[in-house]
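Student: Below is the sequence, then the predicted model.
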Amino acid sequence: MESELKSINPQPADQQPEPEPDDSPLLKSDPKTPEPETQIPVSSQTVEEMEQKYAAYVRHDVYGTMGRAELPLTEKILLGLGLVLLLPIRVVAGTIVLVSYYLICRVCTAFLAPNTEDEQEDYAHMGGWRRAVIIQSGRFLSRVLLFVFGFYWIVETRRNNEIEEQLDNETASGDQSQTEDLERPGAIISNHVSYLDILYHMSSSFPSFVAKRSVAKLPLVGLISKCLGCVYVQRELKASNFKGVSGVVNDRIREAHQNPSAPKMMLFPEGTTTNGDYLLPFKTGAFLAKAPVLPVILRYPYHRFSPAWDSISGVRHVVLLLSQFVNHIEVTRLPVYHPSEQEQEDPKLYAENVRKLMSHEGNLIRSDIGLPEKRIYHAALNGNISMPTVLHPKAD
């Protein structure tokens, strides 16, 4: 996600050569639109058109696009108080929590070799007291960290429907083991709004995630990710290792569905974050295993600053988030979704039906754009692409 939000500083206008006709075909202006010699100033109408096109990534809080809006006097005072009173305390407290959990993981994995099957590296498959301590302390300290960040309470709602009634009837009939197998999901599916999503899911169910391979080498976080059982992917070499990682994820999902002691898989099928009001198209990777999934919907209600990580840099987002006196999170947990035979044979249908259900239950707007459009939007915000080019990209 960090790579999505990197700002690209534009070159000075006097150093920019006139673009060649075949450069960047996906971002080239429509042939019917005359190419300006210099970048055209962005009018309010053009900005409005861009925000409508990329609505899933537009910020609507008082801090505005990229968190750089002109603040009213009251907000400046509140922000100043937060920067002085809250930010230092929360940074220190968060660091203490992170280091504490790292030390717990270090003790629990001492003298043990990580599981290295399928070119992965994790401690999630170990058993006994070590695994119990890692899970329970991880869930507790994740909730503590959310509290430190200002999420003092979490509102959780569980939706019931005929599936749960059917499970209750089967349990009453005495087929307990079969019911447990039917009810246990292979993966948790969630919309993606912020990096805070990971902390919530760690505090709730402590699942495994898909992460960049470089995460495994990070100080402190690297060992924690191995204890979570993260599946690592080398994104720079996607073409060569995609099949292998997909196979590992499918195996993990099937294992979690069949084995109650196996680590759960947590997947964000949108592939990137939004402003929290939209639901992007789902990728099918989470649905290829044909196993049931547990849909979870996250919302971050706000009054001043939105915790959504959409069009704002990581450092600015963390500083503004920790300067908020109170932050809010609402969670809707839907019943386990069991695919029909048709959905099992068609992962795209399975993914789209789960998406429609989450959209309806979470009051989310379904959008047709994805990560490529998000990158174009960020490039435009950073002044790297002229607005007419962004708004009228040539079809390729």
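Tutor: Yep, that arrived.

Student: What segments of the chain are strands?
Tutor: Taking DSSP state E as the criterion, the chain carries its strands at 154-158, 187-190, 210-212, 231-233, 265-267, 278-279, 293-299, 329-333, 365-366.

Student: Most tightly packed of those strands?
Tutor: Sort these by mean neighbour count, taking mean count of other Cβ atoms under 10 Å, and strand 265-267 sits at the top with a mean of 27. In this view, the C-beta of every residue, glycine as well, is placed from N, C-alpha and C.

Student: centre of the chain versus that strand, how much separation?
Tutor: Centroid separation between strand 265-267 and its chain, computed with Cα atoms, centre = their mean, to the nearest Å, is 11 Å.

Student: ok, now stretch 202-214?
Tutor: Taking the mean C-alpha point of stretch 202-214 and that of its whole chain, the gap between them comes to 11 Å (Cα atoms, centre = their mean).

Student: let's number from 17 now, not from 1
Tutor: New numbering, starting at 17: the last item is stretch 218-230.

Student: circling back: Serialize the strands of the chain to CSV and add fields for mean pLDDT and distance to residue 218.
Tutor: Conversion of these to CSV gives the following (pLDDT from 0 to 100; distance: least, Cβ to Cβ, whole Å):
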stretch, mean pLDDT, distance to residue 218
strand 170-174, 93, 13
strand 203-206, 96, 11
strand 226-228, 88, 13
strand 247-249, 87, 16
strand 281-283, 93, 9
strand 294-295, 96, 22
strand 309-315, 96, 13
strand 345-349, 96, 13
strand 381-382, 95, 28
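
Student: mind checking which of the ones you listed is nearest residue 212?
Tutor: Residue 212 lies closest to strand 345-349 among the strands of the chain, at 7.4 Å (Cβ to Cβ).

Student: isn't residue 128 right up against residue 141?
Tutor: No - under the contact definition of Cβ atoms under 8 Å, residue 128 does not touch residue 141, with a separation of 10.8 Å.

Student: Not counting sequence-adjacent ones, nearest residue to the most centrally placed residue in the chain?
Tutor: The residue at the geometric middle of the chain, judged as the C-alpha nearest the mean C-alpha position with Cα atoms, centre = their mean, is residue 208 (3.6 Å). Once flanking residues are discounted, residue 208 sits nearest to residue 284: 3.9 Å by Cβ to Cβ, 6 or more residues apart in numbering.

Student: Could you double-check that residue 220 sits in contact with residue 156?
Tutor: No - taking contact to mean Cβ under 8 Å, the distance of 11.7 Å between residue 220 and residue 156 leaves them out of contact.

Student: Pick out whichever of those two has more residues nearby.
Tutor: When residue 220 is set against residue 156 and neighbours are counted by other Cβ atoms under 10 Å, the residue ahead is residue 220, at 18 against 13.

Student: can you tell me which residues contact the more buried one?
Tutor: Under the criterion of Cβ atoms under 8 Å, 6 or more residues apart in numbering, the neighbours of residue 220 are 155, 347.
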